[in-house]
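Undergrad: one predicted model, sequence on top.
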Amino acid sequence: MSKKTYKKPRKIQFFYFLLMFISGGILFFLKTLPDSDQNIWLMLILLVILMFSLLKSTQNWAYDNPKNREEEDSEKIVYKEKDIPDLNEMIKNIKDKKSLN
């Protein structure tokens, strides 16, 4: 994805925040109304607007605050290699333990 897509000025970022806040507030208000007064299509449209503005905001935040590759590599879990016995050795170990008991 190009940098042009995500490099947004702060005004656009604030606009996305307002979209999230207003659509979320209206959606919450509509959900508190009785079932007979709720408009499902309006609620779906508001939910789509909320998700779209959240997506655009998080893309912009990720572009503004890139994570270093070195940090990503250091956070990976490294598993130690263990010697796993084969099936015959496991059977032998189990038989040895049973014979000791």
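TA: Structure's in. What do you need?

Undergrad: could you pull up phi and psi at residue 33?
TA: For residue 33, the backbone dihedrals (degrees, to the nearest 10) come out as phi -70, psi 160.

Undergrad: residue 20 versus that one, what's the distance?
TA: Shown here: residue 33 relative to residue 20, a distance of 21 Å by Cβ to Cβ, to the nearest Å. No exception for glycine: its C-beta is placed from N, CA and C like everyone else's.

Undergrad: settle it for me: which of these two has more neighbours?
TA: Per other Cβ atoms under 10 Å, whichever of residue 33 and residue 20 has more neighbours is residue 20, with 18 against 10.

Undergrad: which strand or helix spans the closest residue to the more buried one other than its chain neighbours?
TA: Nearest-residue entry for residue 20: residue 53, 4.6 Å, with adjacent residues in sequence omitted and distances by Cβ to Cβ, 6 or more residues apart in numbering. Element membership for residue 53 (DSSP states H and E) is helix 40-64.

Undergrad: and that helix, what other elements does it pack with?
TA: Counting by 3 or more Cβ pairs under 8 Å, 6 or more residues apart in numbering; DSSP states H and E, the packing neighbours recorded for helix 40-64 are helix 3-6, helix 10-32.

Undergrad: residues of it that come out buried?
TA: Buried positions in helix 40-64, judged by neighbour count with 16 or more other Cβ atoms under 10 Å: 46, 49-50, 53-54, 56-57, 60.

Undergrad: now stretch 37-46: average pLDDT?
TA: The predicted model assigns stretch 37-46 a mean pLDDT of 89.

Undergrad: give me the distance from that stretch to the chain's centre.
TA: 26 Å (Cα atoms, centre = their mean, to the nearest Å).

Undergrad: what does that stretch contact?
TA: With Cβ atoms under 8 Å, 6 or more residues apart in numbering as the test, stretch 37-46 has contacts from 23, 26-27, 30-31.
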